[in-house]
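[1] Predicted coordinates and the sequence they were generated for:
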Amino acid sequence: MIPLPFDAARRASATCGTAEQTSTVVIGSGLSGLAVASELSRRGVESIVVEALECSDSGTMRTVMADAASLAERTELMRLLRGYASAHCLDVRQSTVAEQLSIIGHPALITARLGRKQWAVHTAEGVLLADHVVLTKYPQNELRRFLRAMGVAVGKDLRTTLRTIGLHLIGVGEPLTPTTREIVRQAKLVSDTIATEVPATTQRPAPTAAGITPLSA
């Protein structure tokens, strides 16, 4: 498999007229992806979850969840997240794979919100246009190359740099597989950031019906 390719200077005309628009595209339908999609839903922010293309250069990550209790906690949270996604009709497309990611028509860092979507996620089924993209699996060295291609200075705080262009990471570039609690923490932080930046007119009412609320503080 090849890594998900980036195209920093993709033109807006390259997206088809029937492209779908959403607030956020979450790439990765595993625990991290469902966690952030659920948190966004609770904040009234719409999202589409697609599958991540497997990366041959994703690097090795050591896990710290070898004990039975940690594995059981992870399994239970996954069960709750799937239940939440089903109960609240979250748009999770496990058969749709993200094949290319690009900033629409902007080869340089976007420093202000524009009157159109800034990200295009290309799939075999079509193009998804979004204000924000959340990555749950991707080689950090590829991300840094992508930023350098845009002329973006990459400092020590990669996540802060990415947030300025609406790109967010959960569990990416970490030497250890994040614990369940760390995934929940990161999902909450990313969702809070996106919710504060999404225009109120594009937010839908947060779920009010009784249901599963899997991510406790």
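    Cool, the structure landed.
[2] helices and strands around the helix or strand where residue 69 lies, which ones?
    Element membership for residue 69 (DSSP states H and E) is helix 68-87. Helices and strands touching helix 68-87, by 3 or more Cβ pairs under 8 Å, 6 or more residues apart in numbering; DSSP states H and E, are helix 31-42, helix 180-197. C-beta here means a position set from N, CA and C on the backbone, and glycine is covered the same way.
[3] Near the nearest residue to residue 191 once chain neighbours are set aside, how many other residues are there?
    With Cβ to Cβ, 6 or more residues apart in numbering as the criterion, residue 191 has its nearest non-adjacent residue at 3.6 Å, and that residue is residue 39. Look at residue 39: counted by other Cβ atoms under 10 Å, it has 24 neighbours.
[4] for residue 135, same thing?
    Residue 135 has 24 nearby residues by other Cβ under 10 Å.
[5] hmm, back to that, so what's the residue nearest to residue 191 up against?
    By Cβ atoms under 8 Å, 6 or more residues apart in numbering, residue 39 lies in contact with 187, 188, 190, 191, 215.
[6] Flag the least confident of the residues you listed.
    Of all those, residue 215 carries the smallest pLDDT score, 47.
[7] so residue 41 makes contact with residue 90?
    Yes. The pair residue 41 / residue 90 is scored as a contact, 5.9 Å apart, by Cβ atoms under 8 Å.
[8] Overlap of the contact sets of these two?
    Common contact partners of residue 41 and residue 90 (Cβ under 8 Å, 6+ apart): 47, 84.
[9] Between the two ends of stretch 121-140, what distance do you get?
    The first and final residues of stretch 121-140 sit 19 Å from each other (Cα to Cα, to the nearest Å).
[10] what does the average pLDDT come to for that stretch?
    Averaging pLDDT along stretch 121-140 yields 87.
[11] Stretch 148-161 too?
    In this model, stretch 148-161 has a mean pLDDT of 70.
[12] which parts of stretch 157-166 are buried?
    Neighbour-count burial for stretch 157-166, counted by 16 or more other Cβ atoms under 10 Å, picks out 158, 159, 161, 162, 163, 165, 166.
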